[in-house]
Every structure is written in structure tokens, then in C-alpha cells.
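Chemist: Got a sequence here, can you model it:
(4 chains, ligands or ions: 4)
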Amino acid sequence: MPRDKSANSEAYLRMYRQMVRIRAFENNANQLYLNAKMPGLTHMYTGQEAVAVGICEALTDEDRITSTHRGHGHCLAKGAELRLMFCELLGKEEGYCRGKGGSMHIADQAHGNLGANAIVGGSAGIATGAALSAKRLGRNYVTVCFFGDGATAQGLWYEVMNMAALWKLPVIYACENNGYSEYTPTDEVVAGSLTARAEAFGIEAHQVDGQDVLAVNKCATELAERCRRGEGPFFIELETYRYHGHHVGDINRDYYRSKEEEARWKADRDPIDNFGKWLQSEGVAAKEELAMIDSEIGDEAAAAVKYALAAPYPDAVEVDMHVFKGVEHALPYMSGERQ
Amino acid sequence: MPRDKSANSEAYLRMYRQMVRIRAFENNANQLYLNAKMPGLTHMYTGQEAVAVGICEALTDEDRITSTHRGHGHCLAKGAELRLMFCELLGKEEGYCRGKGGSMHIADQAHGNLGANAIVGGSAGIATGAALSAKRLGRNYVTVCFFGDGATAQGLWYEVMNMAALWKLPVIYACENNGYSEYTPTDEVVAGSLTARAEAFGIEAHQVDGQDVLAVNKCATELAERCRRGEGPFFIELETYRYHGHHVGDINRDYYRSKEEEARWKADRDPIDNFGKWLQSEGVAAKEELAMIDSEIGDEAAAAVKYALAAPYPDAVEVDMHVFKGVEHALPYMSGERQ
Amino acid sequence: MTRGITLSQAVNEAIAEEMRRDETVILIGEDVAEAGTPFKVLSGLVEEFGTDRVIDTPIAEPGFMGIAVGAAMTGLRPIVDLMFGDFLYLVMDQLCNQAAKTHYMSGGKLSVPLVLRTNLGATRRSAAQHSQSLHALVAHIPGLKVAMPSSAYEAKGLLKAAIRDDNPVVIFEDKLMYQDKAPVPEEEYLLPLGEAAILREGSEVTLIGTSSMRQVCERAAEILDGDGIGAEVIDPRTLVPLDEGTILGSVRKTSRAIVVDEGHQNFGITAEIAARISEKAFYHLDAPVIRMGAMDVPVPFSPALEDLTVPTPEGVAANARALVRGVPVHAP
Amino acid sequence: MTRGITLSQAVNEAIAEEMRRDETVILIGEDVAEAGTPFKVLSGLVEEFGTDRVIDTPIAEPGFMGIAVGAAMTGLRPIVDLMFGDFLYLVMDQLCNQAAKTHYMSGGKLSVPLVLRTNLGATRRSAAQHSQSLHALVAHIPGLKVAMPSSAYEAKGLLKAAIRDDNPVVIFEDKLMYQDKAPVPEEEYLLPLGEAAILREGSEVTLIGTSSMRQVCERAAEILDGDGIGAEVIDPRTLVPLDEGTILGSVRKTSRAIVVDEGHQNFGITAEIAARISEKAFYHLDAPVIRMGAMDVPVPFSPALEDLTVPTPEGVAANARALVRGVPVHAP
Ligand SMILES: Cc1ncc(C[n+]2csc(CCOP(=O)(O)OP(=O)(O)O)c2C)c(N)n1
Ligand SMILES: Cc1ncc(C[n+]2csc(CCOP(=O)(O)OP(=O)(O)O)c2C)c(N)n1
Ligand SMILES: [Mg+2]
Ligand SMILES: [Mg+2]
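Modeler: Ligands and ions are numbered 1, 2, ... in the order given. Prediction:
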């Protein structure tokens, strides 16, 4: 992490902006859902912004990430544009996945996002494989695998940790422990200790306050550097919190967590509020400047929504395109029609 | 483990007998293979006898085990008869699985053996489920899950350890670390520490010399008792060695382990030899008595082989029986013929 | 006496009745207890039966599937809840290498009485990993029974039969039908596995539809009625066992058949049913058997594309019309 | 110039040639390096290409399959070695939810150029968990290509094409054929995925056999020759894509067909091929299409039982004879 405050104002403000951008995206997405303008449902990243931003600001465009069902934040933090993200969310042709992926598979592939994943824990192998490529091809990029506390229950992660450790791969497993998997508190489904699980494979493990974007960024920057020097893999457990329900329709959730708990996190540990206050107290930005950023991004998001709502759906002929690379239309191809 | 030497002579001699019985079974099985009288191939338990016997002598007939591709030893130690085992090995109707299972699925189900398994690590869930039944049904049995060092690479084990720990199930995970998985030394495929992996889930872990039948038996007896008192699950790593190749055809194995290493284990750490010497030095049995046991069991095994060779194969009509419980013949049933 | 209840209620009732009847029946899966699953199908069960019998698991499908297999081998009768049919891939080893083969490999000595409840169905805008209909995979594996309830009535009767069955049974519910109501008797009833239902009689074409495609076939039959074409509608109800007799009897009468299913068409279950008809009713057929499965593409998210991938009543009716009128139909 | 080499050598040559040609090709799996797999198919490759490119893994099929998917998305072209086809169940999620769908779900932006090499085939006395032929499972999943080499010649040509393909391709080798020799050109060649081979011409019945069942069909054709019956033998070579044209062309000529495969018959690939023939060559067929798959039971260990579960040349010939002579055949 950069040391010199004034020289780093720009970096700080970029982090602030990115967090605000994620929140604006999610607020609009939620609204689209409530207005029945979004197909299907979605999982809000609101509350966890410091994790995605703190980590992705430590990465270059060359670096790779894998993301989750709660992936809008990762996607934006890694460099995606609001407009093309809203297009994807609405199933429009201009979306990052041409409308074929939607919320759970959203990814700005050009910025190194290897995909959100609707299989909990399903990307642990993909991230580790990307790290294997880096090592084999002599490329210097790092891969970050984002996943939730609930995903630590999946055996796949243990299998790939073993290989990552044996082969010293440049991969960082970043567990966003937001205290819940769906409607279940983490301690009901996690025995023992998450950091000990990584350490048992000889993987260095860290715990970080996931609401403190600078702490996250510092840890990620150091570990990414060490990965590049061949000291990987690493594990980070980031304590964080999701403000909304598990998904947009998860409204009555008193049976698994209290309104008081939610209120406390929002009041005391909001990553954007707290970072904003710090920026002011350190003299990096005045209150008005931050308000200006907020409103600029608000406008940007509103315009992006408008754009996406008006954008066209993919044409019907696209339905059997992109099944196979190098094959225009899959259906005739699969019946043996020569290409 | 019983304390009083003389009062426990019987138990000691039973352990000795059981180890000798396993070795005799395997020597005969190997010979059947070499004489092309055994269909398929098989994995010899020779060298690891103290593990199966030390553990199974700590169990009652009510207690359950799950076994592996290297499962003859577990099966005999849990109470199976030589004759019906050879019948199974040769695909005969009288075999424990009516010839349908063979070496890799051999099990004396009536003595609590839930099956050998040809999927490495595949029985971790079954063992844990048997423990769940014990708890739910208020039964006092313990389940031991046998598996090799190589099986610790499978994610399933981590998934079920988590649940066993959360639910405090009476299951003992017994890892027979014989130094190799197939043709690969364990340290090339295991990062970190096996005991730490169990401990990370809050599971108490033990390391025992798997060539010392009394040490194994002591540990297993204590942990089984504690399981019955609700203190499970537990993990035991047992250091051991297989004398033969990975399977009967694995003859030229210098490229992965040296003849010297093999010779050293056989000379210094043979579980039967060393226990036999201890029995003599403690005055439990004279050399001649042990030799008598050896030859009795040798005769028993030879007779069992002879019996099995002469036993009939299952009738052709059996081929579609036992596909579904309660359905005599599966083929007409699957096409909708009423039962 | 019947009353209209939803498919979700039917499932809930079936489980509650069987859990009352037999103490060894347990429920196991992710968020099955207090939450009653994301689809709320199991709401209320934990209140009646407690967390000892309604067991929330971590997100570890292979793990809890394996645990269920072991539990079934040792005296429990687990009902495994697999939240989405797409997660079947994760439990295939425990289901197909272990549960399906244990009875056979043990020469009949061990058995695995368990039910795997999961779902199928697209057009929910859930994209490629939450929309698959994967019943063909398990129907192929000897040792598994496979049921496909097509309404609340079947859902309850088949599930109760499955819970009492001594073998592993996989049940696919259509997740889009959970709120659909159908008449269900007040009294207890079971539907035996392996008996197809003739839902509507007709003499010119047989429409065979599984799960929600039964409803598609019924609507197609209504459309065809308007054209003066009499369509017979059959719901196989179970794929394993498959009530071949009822299907063949109908086709031998109508001489024409269309098989409709929401799994991918290629190497899917329409192939098996069509192949059996084509072989065993060969001399009765006046026209080729037409297959209509889901399009052979991963399920796309965009509504503009997703809706193209699933058979519709109009499509079925159009194919039936062509068949009856003797117009050559070569692709669905 | 051709010479006779074993299927095992053919696979080894294909991999060696492609690894020389393209530095991004890597091999990954259990005991693939020094041991060269239990079947010794890969012997010598680690000596030439080193452990950086011939990578031994722990026994973690889901894990190394997932790693291969990620590696394929980022510039490598992994050849995954899955020691037994029975372990497919373990990798289904990474193969079918991830590899098969990535290109589509990303709107064509990401791709997964990998080959999964595995095997099939019973009668090796390896019992139910080491003898399965599970190609039907993956053939059903859009986004995967599936190849079934039937001799050393196909094994080499199809594997080379698969390695160069930009999509996930699953190849099933028959583990009982590794030592079987066939003529293979000295010169480099590739066999395009999606082209069936007509191995023998005949006018009275078409025998379609995949993998080793091609040999069974060829031997059946010889038997039939003795009866004066001319059988045409077709090897589809790949299931996805399936060269429908060649198959239909033959059946339109012979008017009769038998489809033979070593996967379980029920809901297996004989159903798809038979259903397509029955539908698309309907007006040309003189008799029902007969399907002969492996028996629908878990593979038994005992030789006395196992040998009953797989189609034989005599069985194929008997069915063909009945077809040609117009004797009704209702079951294989
Ligand atoms: C393999 C699999 N099992 C279950 C689900 C259903 N599911 C979606 S999100 C989720 C909870 C994930 O919890 P966590 O990993 O902590 O991530 P969070 O939602 O808290 O971000 C579950 C169970 C799934 N998508 N994939
Ligand atoms: C899932 C699976 N992967 C691979 C194999 C092939 N295989 C059989 S035994 C074995 C090695 C097992 O090693 P370990 O667990 O240490 O047991 P050991 O053979 O040493 O007793 C392997 C890789 C298998 N049977 N199942
Ligand atoms: Mg969480
Ligand atoms: Mg070992």
C-alpha cells in the first residue's frame, strides 16, 4: 500500500469512487428488480464493497479474478463499465456476455475476470488453473479467487489448495466471510477455523477487516507482490457483511438475523462512510468533493440504466451461437453438417 | 487396551492369529493371481496387518467399518471367513457378494463391513452416514472409516469431516499412510500435514505406529470408547507399509521405490514378526506355539482356496438380480412389467 | 374428497405424512430446516419434526449425499434435498457409483433406501447453471429409479411411494410448478412407480409428455381439438421403471406419437421413448415418431433467447397436425 | 506408408506430436509422468517433455479437472487424463457446469480448449466401479464434443484433432483395446470430428458400432457373409457432432439397422441413433431398428456374469439375420 498520503490521494479517491460505483450499481439493480424490469433475481454486493475494491485496486488489468453469484462488485472493481453491466443484467445483446450470462455469470473478460459462477465454490479450480497457466507460460500475473464463507464447505477447495501449495502457484484465495450462507449463520456450518484449514496445507493465512478498504488493499498488495515473487499461494479471510437479503427476494429474514444486527453494521462499519470520513479527516477530500463524486456516479448509473433499458435484446438467431468456438450455429453442426 | 498380560493372552493371541490369517489370505491370493486362477487383479494388504487387526479388535460386531480397494485385511479383521472370501475373490456364487463384487467390493456385511470401495476416498461419506444413523437411532456403535494417504486428496473427506465435527458423530477416520498412492510417494502429493487437516475442523488427531498392533489397538480402543461417550469424531494417522506393488501386476517398481527400502521395512518393522517376538519375550506364547498357529492357519487357507476353486459360479439368471431390492429381475421390471 | 393444493404443498404433505408414519425417515440438505428451502417447499416441517430429523447441512452436496447413502445403509431413510437439479453433477459419484450399485455389488446384502428430491425446468431466467433438466443422466444408470411428477397429485403420490421404496429413487420436480394447484385427495394414497397415466383419450396421435411437458401436451391437445384432431395424452410418471405397455398400447392405437420433454433433446430421454416406440410399435406406425426436447444449447439467460429453448403447446400442436395430415416432419 | 501400432502407441504418438508442435499443450492427471499411467499409455512422455508439462496430480479428480478448465481459459491446452471412465461422475460439475458452458455463458468471449481422455469397456473383471462406459452422460451436454475411437488409427487421428480443437472434447478409449494393433500412417494425419467411417459396404443391413463395438460389428458382418447376407458397417467415430448424413445414407440404402454400443442400453446412445434413424429414414425402413447396448445392470465381477452383459458378434449376427429374413425381433 502506498505510504505517502498526499501522493496517494488519487489512489484513495479511486477506491472511494469504485466503492460508490458498486453501491450505485446495486441500488439501481435492486430497483430494477422491484420494478419487475430485471429478469430473474440477483444477489446484492452492498456492504461488501471494500473487499472487492481493496483487492482489485491491488491488481493490474493482467491479473485474473474468479467471481461468485454475488459478483457485481468484483466485476466493477476489476474495471467493468456500468452500461455494459446493466445491459447484461437485463439480458441485452450489448451486455458483457451478450445477455447469455446474466447476473450470475457477469464478467468483463477483457479485464481479467474469468467469470462469476453460480456453483458455490465452483471457481476454486478455475482460479488455480489460471495460476498454473501463469507459472507454465512464464507470465507474471496473479489470480484472486473470491468466494464466500459458505463455499468453504465444498471439497473442491481443499483439493486445489493441496495442488496450489505443492506447485507454489500464484493464487490468492479470498474468502469473504459475511457471516451467512443463504439463511444460515456461518458458525452453524463451519467447524474449527477457516485460517487453520488453509494453514493445514502449508498455506499462509491472513485475517483482515473487510470493511476497511485500506487494510484490505495493504494486505492484497503485499500478497500479490509475494505471489509474483513465487511465494504463493495465500489465503485471506475478510470479515464483512451483506446489507440486503441473500437475494433480492429475501425480505423477511428475522428468523435468521436480526434487524438490530443489520442496523449496527450499517451504522458502525459501513465501508464507504468510514472511508469517506477518513478521507476528510486526513484532508484528502472535503465533504463537498465526496458528495460531488457521489452525485456524479449517481447520474452515471442512472444514465447507464436508461441506456440498458432501451438497448435491444439479442436476435433469435443467437440462441445456438457460441455453443462451440469456431462453430457458427451449433444445431446443424451437432447433426454433422460440415462447417 | 487390556493391562494385565496373562489375563489378556487370549486377546493377544487372537490378534496374532488375525494378522497371520490376513497374510495367509494375501499370499494365497497372490498365488492365485500368478497362476491365472483369479479374475482381474487385486491390491495386497500384506505389511499393513497391524492396522486392520489393531483397530478391528477394538470393535464389536455391532460396530461398522468402511473399507477400500485394499480391503481384504479389513474384511478378515472384522470377522470374515477365509472360504467365503476366496469364493468372492474368484467370482463364485457362495462369495460374500455372490461373486458380484470381487476383490474391490468384498465385505462380510453381517459383521458390520459396509463395503470395500473402488473409488478412492469414496467411502468417507458412507462411514459418516453410518455414524449419523447411530446417533439418530440411539444406537451405541462406532464407525471406522479406513482410507489411504492418497485418499486424503479427495475433497469429499473435508466435506464430511466438517459435518461430523459439527454434529459430533461417532466416527473414526483411520488413514493408513503406507507412504505411497499407486506409484507416487506421499510427500509428492500431500502438502502440509494430515493431522493438521483434521484439527482444522476441530477434530482431535492422533499419530500411531501402524506396525505395532498393540499401539494401534490401544489408541483405537480409547477412541472408540470416547466416541461412544459422544466425544467423536476422531482422526488417526497410522504409519505403515505395503510389501507388494500397488496391485499384483506392479512388479518393476524401482522407479518409485527402492528394493532397499522394502527390505528394511520387512526386516525391521514387520508387524507379525515383531509381535511374535514380543509375545515370546513376554512369555505369552512359545516359539513353537506360534509356529503351530502359523501352520494351522496355513492349512486352513489352503483348504479354503481348494474349496473356492471347486465352488460353482453364479447361474446366468443371477445377472439381473439384486439390481433393485424387492425386484426379482431388473430387466423386465425396468420396462414396466408389473412385479 | 379432493381439494386443490399446490405442488409445493403436495410435497410437504407427502413428507410430513411419511415422517409421521416412519421414525426412520429424515430430511437432509441445505437450508431445509428454518428456511424450508429457497422455494419454501419444506416450511413447517422442522417445527413438527425437530432439527434431529430435519437436518441443515453446509454447502457440500457430495458430502451430504454420501452421508445419506451411509445413513440409508444403516437404518435411516433419508430424503435428500438437492436445491437445484444442476447440482446433480456434484453428487453423481455418490449417487451413481455408490447408492445405485451397493445392492448389486453386495449381492443383495446391503440396500440404500433413499430419495433424492431435486428439480428441473427452464424459463425462470436463472441461466445455464440453474435451469437444467438432467433426468436423462440418472435414468441411464442401473440401480436408480427416476420419477417425474407432472402435477401436485403425482408429486404427492410418487413421493410417498419413493420414500417407502427400498431403493434409491431420484425425483425431479419442476421448479416452475411449485405454485400450481391440482386436485389432490384428502385421503392417503400412493402412486406406484412404473405406472403411466392416460390423461386424455384420443385416436389420432399420442402425445407423451414428462413433468411440465405433460401440461404442454394437454394444452396442445386442446388446440388440436379445435382442429378436429383427437390427441391422446400420456404421462409416463416414471422413467425407471418405464411403463412401456401403456405407451405402446396407445401408439398401436393412434399410429402416431410425439415425445415431449424438457431435458436436452440430443441423447436425452425423448430418444429412449421414441426408439422403443419405433422398435416395438414399428408395424403400427403411420409416421415417424417426433421428438421435442429442450434445445441443445446451454440455457441462455436473456428472456429473448431462453423462451426459444423449451417446447411449447403451439409447437407440439403444429407437429401433431403435420403428422396427422401426412406432411413430412423431419425436425421438431 | 503405414505400420501396425497399438492403440496405446497411437495415443502416445498423437500426444507427443502435438506437444512438440504446440508448447501450450500439457498433460495432467494421476501418475501420468514417471509411471505413464497404470495402462502405460503415456510412457516416455515425461522424459521428453519434463514434469513442467507432464504433471502428476494428487488423487483429486474434481480438483485437477477444475484446474485444467482454468488453465484452458488462460492460454494452456490441457490434456486431462482420467484413469477410469467410472471417475467421470467425480468431474461432472467441472466438466458440464463449467467447461461445457463457459464459451456460451461468456457470449463467446472465453473458451476452454481442453481434452479429457478417459476410457470405457467391461469384461476386464474390474467390477461395477471400474468397468462403466459412460459416454452417454457427456454426449447429452451441449458444449462438449465426444469422440469414440475404434482402433489405433482413429485414436491417433481423433486425438490430434481434439487437441487442436478450441472446445472441450471428451475422448473415450476402450481400455481393453490398448494392446490391439492397427495400420497407422507414418505421415501426420488428423481425423476431423464429425465424420463417420464406412468400414465395409453391404446392401442388406447397416451395423453401426461405436468404439470396440465396431469390431464386434465387423466380426458379425463376417459371420453374416457366410450366410450370404451383406452387412454395411459404420463407425460414427464421434457422438458430438454425429455424422447423421452418413448413417442415414446407409440405412436408406439397406433399409435395416442395428446400433451396437457398450454403454448401458436404457437411455443410452443407441437410443439417440436409433431414434434419429427411425425418424429420418422412416419411409426407407423395412424393419425396426434394433438396439444392442450393455445390459442394464451394474457390471458384475464374476466372469460367469460379466460376459453376459456385453453385445457379441454372434448376438449381432443373429439379430441381423432375423431382420433380413423378416422374423419379428422385439428385443436384442
Ligand atoms: C453448489 C451449490 N450449492 C448451493 C447453491 C445455492 N446457493 C447459492 S448462494 C448460496 C450461499 C453461499 O454462501 P456464501 O458462499 O457464504 O456466499 P454469500 O452468498 O454469503 O456471498 C447457496 C447455498 C449453489 N448456487 N451452488
Ligand atoms: C477416485 C479414484 N481415483 C483414482 C483411482 C485409482 N487408484 C486406485 S488405488 C489408488 C491409490 C490409492 O492410494 P492410497 O489412498 O494411499 O491407498 P493405498 O493404495 O496406498 O492403500 C488410485 C489412484 C481410484 N480407484 N479412484
Ligand atoms: Mg457468506
Ligand atoms: Mg497409500
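Chemist: Now the stretch 151-300 of chain C against chain D: closest residue?
Modeler: For the stretch 151-300 of chain C and chain D, the shortest gap (Cβ to the nearest Cβ) falls at residue C:278, measuring 3.4 Å. For glycine as for every other residue, the C-beta is placed from the backbone atoms N, C-alpha and C.
Chemist: List the buried residues of the host helix or strand of residue A:132.
Modeler: Per DSSP states H and E, residue A:132 falls inside helix A:124-137. Using 16 or more other Cβ atoms under 10 Å in any protein chain shown as the test for burial, helix A:124-137 gives A:124-136.
Chemist: In contact with residue A:140: list those residues for me.
Modeler: A:62, A:134, A:228 (Cβ atoms under 8 Å, 6 or more residues apart in numbering or on different chains).
Chemist: mind running it again at 7 Å?
Modeler: Counting by Cβ atoms under 7 Å, 6 or more residues apart in numbering or on different chains, residue A:140 touches residue A:228.
Chemist: Can you confirm whether stretch A:126-138 lies near chain D?
Modeler: Yes - using Cβ under 7 Å from any Cβ of the partner chain, stretch A:126-138 reaches chain D at A:126-130, A:132-133, A:136-137.
Chemist: Any idea how many residues pack against residue 267?
Modeler: In the absence of a named chain, this looks at chain A. Residues near residue A:267, counting by other Cβ atoms under 10 Å in any protein chain shown, number 9.
Chemist: wrong chain, I was asking about chain C
Modeler: 32.
Chemist: Repeat that for residue C:219.
Modeler: Using other Cβ under 10 Å, residue C:219 has 17 neighbouring residues.
Chemist: Same check on residue C:298?
Modeler: Around residue C:298 there are 30 other residues, counting by other Cβ under 10 Å.
Chemist: Next to chain A, which bits of the stretch 101-250 of chain C? Give me the list.
Modeler: C:124-127, C:129-130.
Chemist: restrict those to contacts with chain B.
Modeler: Among these, not one lies near chain B by Cβ under 7 Å from any Cβ.
Chemist: Mind giving me the PyMOL command for buried ones among those residues?
Modeler: A single PyMOL command selects the buried members of those (16+ other Cβ under 10 Å):
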select buried, chain C and resi 125+126+127+129+130
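Chemist: which residue is nearest the middle of chain A?
Modeler: The centre of chain A sits closest to residue A:74, judged by Cα atoms, centre = their mean, with a distance of 2.2 Å.
Chemist: Compute the first-to-last residue distance for stretch C:86-96.
Modeler: Chord length of stretch C:86-96, first to last residue, is 16 Å (Cα to Cα, to the nearest Å).
Chemist: That stretch near chain D at all?
Modeler: Yes - Stretch C:86-96 is in contact with chain D by Cβ under 7 Å from any Cβ, via C:86, C:89-90, C:92-93, C:96.
Chemist: pLDDT on whichever strand or helix holds residue A:215, on average?
Modeler: Using DSSP H and E, residue A:215 sits within helix A:213-228. What helix A:213-228 shows for mean pLDDT is 98.
Chemist: contact partners of that helix?
Modeler: A:1, A:15, A:19, A:50-51, A:53-55, A:57-59, A:140, A:142, A:170, A:172, A:206, A:208-210, A:232, A:234, A:236, A:238, A:271, A:275.
Chemist: how about TSV for the buried residues of helix A:124-137, with pLDDT added?
Modeler: Supplementary listing: the buried residues of helix A:124-137 in TSV, determined by pLDDT from 0 to 100:
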residue	pLDDT
A:124	98
A:125	98
A:126	98
A:127	98
A:128	99
A:129	98
A:130	98
A:131	98
A:132	98
A:133	98
A:134	98
A:135	98
A:136	98
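Chemist: From those residues, pick the one nearest ligand 3.
Modeler: Ranked by distance to ligand 3 (Cβ to the ion), these are led by residue A:124 at 15.1 Å.
Chemist: Touching, the closest one and residue A:159? I think so.
Modeler: No - using Cβ atoms under 7 Å, residue A:124 is not in contact with residue A:159, being 8.2 Å away.
Chemist: what residues are shared contacts of those two?
Modeler: Contacts common to residue A:124 and residue A:159, judged by Cβ under 7 Å, 6+ apart, are absent.
Chemist: do the helix or strand harbouring residue A:21 and ligand 1 meet at all?
Modeler: According to DSSP H and E, residue A:21 maps onto helix A:9-34. No - Helix A:9-34 lies out of reach of ligand 1 by Cβ under 6 Å from any ligand atom, never closer than 13.0 Å.
Chemist: For that helix, what does the pLDDT average out to?
Modeler: 97.
Chemist: and residue C:127, what is it in contact with?
Modeler: Residues near residue C:127 by Cβ under 7 Å, 6+ apart: A:101-102, A:104-105, A:118, C:299, C:301, D:105.
Chemist: to the chain's geometric centre, what's the distance from stretch C:159-169?
Modeler: Chain-centre distance of stretch C:159-169: 14 Å, with Cα atoms, centre = their mean, to the nearest Å.
Chemist: which residues are contacting it?
Modeler: Contact with stretch C:159-169 is made by B:324-326, C:11, C:14, C:17-18, C:25, C:77, C:79, C:99-100, C:103, C:111-116, C:143-145, C:147, C:171, C:190-193, as judged by Cβ under 7 Å, 6+ apart.
Chemist: switch the cut-off to 6 Å
Modeler: Contact partners of stretch C:159-169, identified using Cβ atoms under 6 Å, 6 or more residues apart in numbering or on different chains, comprise B:324-326, C:14, C:18, C:99, C:111-115, C:144-145, C:171, C:190-193.
Chemist: Chain C: strands as residue ranges?
Modeler: For chain C, the strands defined by DSSP state E occupy C:2-6, C:25-29, C:54-56, C:77-81, C:115-120, C:145-147, C:169-174, C:181-185, C:197-200, C:205-209, C:231-235, C:238-240, C:257-264, C:290-294.
Chemist: How about chain A?
Modeler: For chain A, the strands defined by DSSP E occupy A:64-66, A:143-148, A:171-177, A:180-181, A:184-185, A:204-209, A:234-239.
Chemist: Take these and write them to a markdown table, including mean pLDDT, mean neighbour count and distance to chain B.
Modeler: Output for the strands of chain A, formatted as a markdown table (pLDDT from 0 to 100; neighbours: other Cβ atoms under 10 Å in any protein chain shown; distance: least, Cβ to the nearest Cβ, whole Å):
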| stretch | mean pLDDT | mean neighbour count | distance to chain B |
| --- | --- | --- | --- |
| strand A:64-66 | 98 | 30 | 17 |
| strand A:143-148 | 98 | 29 | 14 |
| strand A:171-177 | 99 | 28 | 13 |
| strand A:180-181 | 98 | 22 | 12 |
| strand A:184-185 | 96 | 18 | 11 |
| strand A:204-209 | 98 | 18 | 10 |
| strand A:234-239 | 98 | 24 | 11 |
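Chemist: With distance to chain C added, can I get these in JSON lines?
Modeler: JSON lines is the format used below for the strands of chain A (distance: least, Cβ to the nearest Cβ, whole Å):
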{"stretch": "strand A:64-66", "distance to chain C": "14"}
{"stretch": "strand A:143-148", "distance to chain C": "9"}
{"stretch": "strand A:171-177", "distance to chain C": "13"}
{"stretch": "strand A:180-181", "distance to chain C": "6"}
{"stretch": "strand A:184-185", "distance to chain C": "6"}
{"stretch": "strand A:204-209", "distance to chain C": "20"}
{"stretch": "strand A:234-239", "distance to chain C": "16"}
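Chemist: Relative to chain C, how far out is the closest residue to residue A:82 other than its chain neighbours?
Modeler: Leaving aside its sequence neighbours, residue A:82 sits nearest to residue A:304 (Cβ to Cβ, 6 or more residues apart in numbering or on different chains; 3.8 Å). According to Cβ to the nearest Cβ, to the nearest Å, residue A:304 stands 18 Å off from chain C.
Chemist: got the contact list for residue A:304?
Modeler: Residues near residue A:304 by Cβ under 6 Å, 6+ apart: A:82-83, A:86.
Chemist: Let me have those in JSON lines, extended by pLDDT.
Modeler: Supplementary listing: those in JSON lines, determined by pLDDT from 0 to 100:
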{"residue": "A:82", "pLDDT": "98"}
{"residue": "A:83", "pLDDT": "98"}
{"residue": "A:86", "pLDDT": "98"}
